[in-house]
Every structure is written in C-alpha cells, then in structure tokens.
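> just coords:
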DNA sequence: TATTTTTGTCTTACGGCTGAACTTATCCGC
DNA sequence: GCGGATAAGTTCAGCCGTAAGACAAAAATA
C-alpha cells in the first residue's frame, strides 16, 4: 500500500503555472536590475517576451505593489511616451537582525534599498545570556515591525545574523565562541509570531551579500559593484564568504570561508582553535593590538593613530599582518579562482599600511598571477553590513519569486 | 535606428517550448539516474507529471534512441506489466580525448557508460611539438569515430583533456608546463571536421567528474559515489577540482583547485612556481622520489616497494607528505566546506602510508572537525580517468538537454 | 493638420499539460 | 477456467500562458 507514494525527489515538473512564475520573476528582475526606470516595451525587447505578455506580468507586479509606475518623464523622442517602472518604495520590506559582541539591533529596508526603520543598541555581549539577549532583540524587532506596519508596509520576512557556526537549514546555532553561546534555537528565543518567517545566517556571510549593491536593489550607478568576489572581514576572528553572481557559495553546511584558520606558518604561535600559525594569529585584531603594544580592548582607531604616527612596533606588526594576509588570500585564490577581494571589518582602515605587503605576497604565490590580477578593495558597505545584507536577502527572495506575493487572479 | 536591438542579456524568457524541454530533460534524468530500469508510471509518480505527459515524452526519447525499452521483466504483481526503460546502448556516444606527459589517446562511451572503443598510445610527450602531437591524436580520433559510426552510432561530441591552464570558453590552452606547450588553439590543431564539436578542459577537472559514477550513467548500485567532493590528483604537480552535485565549481576562469601551491611552510623549499613551501614540494611525485633517495623518473611502484620494505627514508618522506597534505587539505576544507576528499594519481597507492599523518593534521586544523568528519577516499576511477570524464561530460550534455537530439515533430 | 513613431492593449491561434475515461495485460480467488 | 481486481499505458477534451498581429493612444515633426 505504501509502495508508490514516491519521495518526489529532484527538481519539480514544469507546468503552465511554472512558466508564468518564471517569466514573472524575469520581468521583476528586469525592473530591479535596471539602472534607470524602464518601460514595458524595453523589458519586452530585452527579455524576448512580447509586449502583450510583459504588460500582463507588469500589471500583476504593480497590483502587488512590488513595482511602481512613475509619473511619465518629459518625452524626448517621437512616439507615445513610456510609463517608467521602478521598484515600489515602502510597500514590501525586509527585516535584518543581528546580535554581535558589541551590539544588537535591526534594520528595515524597502525594495528600493532605502532604510525605512532602524534600531541599534551598542552593548558588550561577550558571554551573555542568549535567552535574555534574544528576547530583547525580539522586542526591538516587534517595535520596528509595528512602526512600519503602521505606515501600511508589509514585512516579507526577517533574517538574523549571528557571529558563529550556523546551520541555516535546521535553524540552529552550533556555537558562537565570542558570545559564549552554543547549541540553541535562536528563532524560538526571538519569540516573533508566525506571521514573520525568520531565518538565521552567519554574520560574515550576510555582510558579504550586502556588498553586492546592484544585486536586488539598484544603488547609484556610479558604483559598479562586482558580482563575484571574496569578502573577508577582519575582527578578533577573520571570517569570509565566497560570493558568485551575487549568491553565496554554500559548501556542505554553509561553513565556508574560515580563512582565519588557514596556515600561514606551522611553526607560528598557537591559535585558540588549537592549531598553530593560523592567519588569525597574525592579522586578527587581538594579535595586531598585542603586537603593537596596545591594550587588547582598544578600538581600531588607536591602532590607526599609532600607524599615522609612524610608530615602529605598529608599522612592523601591520606589515607582518599584510604578508600573512597575502599568503592566506593567495591560497584562497589558488583554490577558488576568484580574484576580487573585498576587505571589511578592521581592514579598510588598515589597508594603506598592509596593502603593499599583501600584494607582494599575492603576486609571488598566486599561480595565475601572470594572466590575471588579484584586486584588493575596501568593502563599500561598512556599518553593520550584516543588517543590510539580511534585509536584502529577504527582498532578493521576493524579487526572485514574486509569485508568492502576487494575487492568484 | 540601432537603439533598441537590446543585447538580450540575462536568462531567456520561458515559452511553451521551454516547458517541453524542461520536462523532457526531467524524464531523461529520471531514466538515467534510476538504479534499476523504471516504468513510465514510476516516472510519473516520482516527477509529478501525469502518465499521459510522461508517455509522450518517453516516446520521443525512445524515437531518438536516447532511451531504450527493455523486454518486459517477469511480472510479480497484479496489473499490466510495466515496460522497463533504460539508457539506450550503442546509439549516442561521447568521445574523450587526452594528451598528457606519458600518453595520448581517446575513449568512446555510450549512454550506458560502457566503453565501446578505445585507443591509448603510451609515449613521452615532455617538451613535444603540439602541432605534430595533436595531429596524431586527431588521426586516432578519426579512427575511433569511423569505427563507431560503422556500427551505426552517432557521436554527440568530444572533449579534449590537457594538463595545464585551459580557458574552456575561448578554447585556448594558456600553458601546459610539462608538455612545454603554450598559447595555442588545440581544437584547430586536432583537425576534426565540424560534424564533431570539440571542447577542451583541464585534465584534473575532467578526471574529477569521472569519479561521480552515478552522475550521467548508472554504475552498479553497490558503489554509492558521493555527488559533492574534492578530487585531488597527485603526480609531479598536484591538481584538484571542486565538485558540487556532480558539477564543477568553475570560479572565474576555471582555474580552481591549485592545491599544489597552497602554503605548507613559508620557510620550506623553493617551488618551481617561484614561491616557497608549496604543498607540491612535500607531496608531489618528484619531491617524494627525491626524498626517498630514488631516481626522479622511477615509477610510483618503486616507491611503494620501498615503503612495503619499510625503508626508513621512504617512510619518513611519505609521512612528511601526509602531514603536508593534511595541512593543505585542512585549508581547503576550511575554505570551501566540502568534507569528502577523493585522492587520485599516485595517492591511492600511498594512502596506507600517509593516511594517519594526514588525518591527524585534518583533525587538528579543520575548524568544523567537532561537527563533521573529513573523509579521505581513494578515487574509484583510476586509469586515464580524464578520458572517461570527458566522454561523460559530453553525454551529460545530452541527458541534461535532450531536446537538441529529439526530432522536432 | 497630417504623418511618423513608439507605447501599450486587444483578439485570435497554438502548443503543452491535466484529468478522466478507456484499453490492455497481468494476477488472484473461486 | 473464468471473472474480478489491479496496474500500465493511451486517447481526448479542456485549460492556461504565450505568440502574432492588428489596433488604439500619445507625442514629435513636417
């Protein structure tokens, strides 16, 4: 009897409805990825669909308040003027949440990429109580949701960023060393209602996605953000993410990019992970401050001031960090063949002092160096990037599958 | 005038024909990935399509000789017996070609995965003349094609494996150090007619794809080959590939997996790449033979014999190689979060002697070690794996888009 | 004002899938 | 040995989404 209920594995069959969903997403992407507002006719020409089909699809997106019709621009050419289309402001929004060692907070973005609400509480959350902290963040989230709902917006979902080993699918935080948290279900502890679907993610991974500005939401076109890059964020630990075509490379569990524990010198100092000579012991924040003779809890600005003052200890330790970083990034590039590296966290401030050493090491060690240049760039989105990244991930889901938000009929 | 001819960027629009192509591929995959022959009804149940639709799609695949109807098996249950479906033998075939330092040759596989023709010429091709060698391989290919065509088979395409930096899209070989080749167009030099589309690929990458046995072509079900793994092939150099769901992770240019040049010890010996302490200098074939006090042109068997005889120099150098390999693989796993490693080339023979050291290093250095085990396995397909991988890649193309091989009407 | 040009809508046709009835082929129980 | 049960595969009308082309609308241009 239970024979042929068949697991229904593999990709789903395509039916007529699938066609419509596909093309609806195609049209939505066309609107969202266009630098300037575009017309129905332009979308038809670019996509290969007929103007008739594009029209019906656009009408659905407009009815769902995903796309907005702008007032007609003053026409320049002959012919009936086009109706400009653009992402709809302040209708569907995404919520990014984060708990990190130095703050907790939330940020709400709309489909245009604008911040419509935000609340950030700086705090020292080393070895904090997860239940208490997450309940507090839950209340912050509720406040933000109430505010934007009062303005008539609909919340598409939320994404919680955590600085640790996260199993996104199971919704479990395995361990977050710096928070002193382990083995818990953060979504349950947040205590948001079932009306807002919450997923969790690693902080560095979500911050990485925030860097792809042209992804979901058009920024100003002067910023040609790359779509394939490595994002490396330096703090006490050094996390990173592999982004290909504005999407994360996920690996087996999502635990990619642990570049902080790449071997720089096996005879080097012992790392808190138990091994020796990891990158973190050369280019992590604690190692840098200690090496420069500064207190471990000093802010990055203190180190930068020491560098600006040309203090020899600071200059030496940062150059050594640059060499170590270059060596580890060379391994990274040799293994995954991605040659644009965005540096976040403490690195943008230090980049002038470590760039030369890092680039020398990259030139020496990257096998493909004769045919391609590895580019080191400061990450464009800095402050609490994971909040932006989390909110954008939610909105990317809306744009890539708008059918869930479009009326049936 | 030239305004709106629009580049037609992005994914194509979905039309009715797209639906059919999608479902045709879905049905083909169902037949090819099934362990035993399956019926139309079983495919319908598994895919969610109706039996009517599956029937018409299967009929097209049968007419195109991609799928074959087997004679009915003796029925066990009540009801009309099913017609078993399986990949069609000896109809569409793929050609794998390879030039490497020690041989050149070709292999023809049919859709069942069976070798239907093969020709391998051992030879020393260090610093050879590319035009002469590729012309020779072209003649071998012509002979193989003539043979299989005489038996009524159709050649779907060919794939040429080369040991070097290959730009697959442009069809250019940038450099193959061991052959002494650089900057050439191997497809043109092969001189095959336009009736057989030839693509080129890196040897290690294609060998890696050969390891996913259940991919295109069902092997015996006793071998549960993984679908996501790292493949690391040791020879003079050490190449590798990242395989996710039986597909290559391509990176920017396809130049991923250069694990031979991951840093093991920056104070280590100088590598031929110009840097110091690369893995290749510890675990490459030349380094191993030299360290064991054997001639550099000795075959691997000589080293294995020395190990079996418990010669101290050999044991020491292989253990050192195991540690180095473990260190480099730990970096690899930390960066890409893939925990199954298939070892090919010279490593399967050496695995008993280097496994302990490598696994110790992996346990110490892989950050996720407490939550997941890194598994080292000998690669299942050994002899000239790139030939098999190349042919399978061609056939994978057929199964993933059968519509090109199915009659219009 | 008439013509040209381009946008957006309307109508008809077509292709591909669904669902339900129907046919075919086997097993099972009496 | 025969009828019912069971399952596989086929046939046919109907639905849905897109294509194709005509048509309406709105602006620049002569």
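That came through, no problem. As the structure is a prediction and not an experimental result, all values here were calculated from the model. Numbering: from 1, shown residues only, chains lettered A, B, ... in the order given.
> Every contact and neighbour count from this point should use C-alpha atoms.
Fine.
> State the mean pLDDT of the longest helix that chain A contains.
Scanning chain A for the helix with the most residues, using DSSP state H, yields helix A:312-336. Averaged over helix A:312-336, pLDDT sits at 98.
> The following helix or strand past it packs against which elements?
Using DSSP states H and E, the helix or strand that follows helix A:312-336 towards the C-terminus is strand A:340-345. Where contact means 3 or more C-alpha pairs under 8 Å, 6 or more residues apart in numbering or on different chains; DSSP states H and E, strand A:340-345 is packed against strand A:229-234, strand A:375-378.
> Report all helices and strands that the next helix or strand after strand A:340-345 contacts.
Heading C-terminal from strand A:340-345, the first helix or strand you meet, by DSSP H and E, is helix A:347-365. Here helix A:347-365 touches helix A:300-308, helix A:312-336, strand A:375-378, going by 3+ C-alpha pairs under 8 Å, 6+ apart.
> mind running it again at 6 Å?
helix A:312-336 (3 or more C-alpha pairs under 6 Å, 6 or more residues apart in numbering or on different chains; DSSP states H and E).
> in the helix it packs on, what counts as buried?
Buried residues in helix A:312-336, counted by 16 or more other C-alpha atoms under 10 Å in any protein chain shown: A:313-336.
> DNA strand C is nearest to which of the helices and strands packed on strand A:340-345?
Taking C-alpha to the nearest atom of the strand, strand A:229-234 is the member of the helices and strands packed on strand A:340-345 nearest to DNA strand C, at 35.1 Å.
> what residues does that closest one touch?
For strand A:229-234, contacts defined as C-alpha atoms under 6 Å, 6 or more residues apart in numbering or on different chains pick out A:208, A:239-243, A:340-346.
> In those, which residue is surrounded by the most others?
Neighbour counts for the contacts of strand A:229-234, by other C-alpha atoms under 10 Å in any protein chain shown, peak at residue A:208, which reaches 33 neighbours.
> who touches that residue in this structure?
Contacts of residue A:208 by C-alpha under 6 Å, 6+ apart are residue A:231.
> residue ranges for the helices of chain A, please.
Under DSSP H, chain A gives helices at A:16-33, A:40-47, A:51-63, A:130-150, A:186-190, A:203-210, A:280-283, A:285-291, A:300-308, A:312-336, A:347-365, A:385-400.
> So which of those helices is nearest residue B:395?
helix A:312-336 (26.3 Å; C-alpha to C-alpha).
> Give me the packing partners of that closest one, helices and strands only.
helix A:347-365.
> Could you give the average pLDDT over the helix it packs on?
98.
> Taking strand A:340-345 as reference, get the angle to that helix.
With axes from the mean of the first three to the mean of the last three C-alpha atoms, to 10 degrees defining the directions, helix A:347-365 sits at 140 degrees from strand A:340-345.
> where's the residue in the stretch 1-150 of chain A positioned nearest to DNA strand C relative to residue B:394, distance?
Using C-alpha to the nearest atom of the strand, the point where the stretch 1-150 of chain A gets nearest to DNA strand C is residue A:79, with a distance of 2.7 Å. In this view, residue A:79 and residue B:394 are 50 Å apart by C-alpha to C-alpha, to the nearest Å.
> More neighbours: those two, which one.
Between residue A:79 and residue B:394, residue B:394 has the larger neighbour count (other C-alpha under 10 Å), namely 25 against 7.
> mind checking pLDDT for the nearest residue to the more buried one once chain neighbours are set aside?
Leaving out its chain neighbours, the residue that sits closest to residue B:394 by C-alpha to C-alpha, 6 or more residues apart in numbering or on different chains is residue B:94, at 5.5 Å. Looking at residue B:94, its pLDDT reads 98.
> Ok, residue A:8 next?
pLDDT, residue A:8: 51.
> Could you find which two of the contacts of strand A:229-234 are furthest from each other?
A:243 and A:346 (20.2 Å).
> can you give me the strands for the stretch 51-200 of chain A?
A:67-69, A:85-87, A:92-100, A:103-110, A:115-122, A:154-162, A:165-167, A:172-176, A:181-184, A:198-202 (DSSP state E, counting those that start in this stretch).
> Quick one: these as JSON lines, columns for mean neighbour count too.
Listed next are the strands of the stretch 51-200 of chain A as JSON lines, based on neighbours: other C-alpha atoms under 10 Å in any protein chain shown:
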{"stretch": "strand A:67-69", "mean neighbour count": "21"}
{"stretch": "strand A:85-87", "mean neighbour count": "26"}
{"stretch": "strand A:92-100", "mean neighbour count": "28"}
{"stretch": "strand A:103-110", "mean neighbour count": "24"}
{"stretch": "strand A:115-122", "mean neighbour count": "15"}
{"stretch": "strand A:154-162", "mean neighbour count": "24"}
{"stretch": "strand A:165-167", "mean neighbour count": "21"}
{"stretch": "strand A:172-176", "mean neighbour count": "19"}
{"stretch": "strand A:181-184", "mean neighbour count": "15"}
{"stretch": "strand A:198-202", "mean neighbour count": "24"}
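> Which among the ones you listed is found nearest to DNA strand D?
Among these, the nearest to DNA strand D by C-alpha to the nearest atom of the strand is strand A:67-69 (14.8 Å).
> Can you give the contact residues for that closest one?
Contacts for strand A:67-69 (C-alpha under 6 Å, 6+ apart): A:61, A:62, A:84, A:85, A:86, A:87, A:88.
> how much space between the nearest residue to residue A:176 once chain neighbours are set aside and residue A:150?
What sits nearest to residue A:176 in space, not counting adjacent residues and going by C-alpha to C-alpha, 6+ apart, is residue A:164, at 4.0 Å. For residue A:164, the distance to residue A:150 equals 34 Å [C-alpha to C-alpha].
> For the two, indicate the residue with more neighbours.
residue A:164 (23 against 10).
> For that one, grab phi and psi.
phi -170, psi -170 (degrees, to the nearest 10).
> Let me know whether it touches residue A:174 as I believe.
No - using C-alpha atoms under 6 Å, residue A:164 is not in contact with residue A:174; the gap is 7.5 Å.
> list the contacts for residue A:37?
By C-alpha under 6 Å, 6+ apart, the neighbours of residue A:37 are A:84, A:85, A:86.
> between the residues you listed, which is closest to chain B?
The closest of those to chain B turns out to be residue A:84 (C-alpha to the nearest C-alpha; 16.1 Å).
> Below-threshold pLDDT in chain A: ranges please.
Where chain A drops to pLDDT under 70, the residues are A:1-10, A:213-224, A:409.
> Tell me how it divides into domains.
Domain assignment for chain A, taken from automatic domain parsing, gives A:16-73+A:82-87, A:92-214+A:385-405, A:229-378.
> Switch these over to a markdown table; also include distance to residue B:22.
Below are the domains of chain A laid out as a markdown table (distance: least, C-alpha to C-alpha, whole Å):
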| stretch | distance to residue B:22 |
| --- | --- |
| domain A:16-73+A:82-87 | 11 |
| domain A:92-214+A:385-405 | 18 |
| domain A:229-378 | 23 |
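> and of those domains, who's closest to residue B:286?
domain A:229-378 (19.1 Å).
> now the closest one: how far from the chain's centre is it?
19 Å (C-alpha atoms, centre = their mean, to the nearest Å).
> I'd say residue A:242 and residue A:254 touch.
No - judged on C-alpha under 6 Å, residue A:242 makes no contact with residue A:254 at a distance of 10.4 Å.
> about what we covered before: kindly reformat the domains of chain A as JSON lines containing distance to DNA strand C.
Formatted as JSON lines, these follow (distance: least, C-alpha to the nearest atom of the strand, whole Å):
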{"stretch": "domain A:16-73+A:82-87", "distance to DNA strand C": "3"}
{"stretch": "domain A:92-214+A:385-405", "distance to DNA strand C": "18"}
{"stretch": "domain A:229-378", "distance to DNA strand C": "29"}
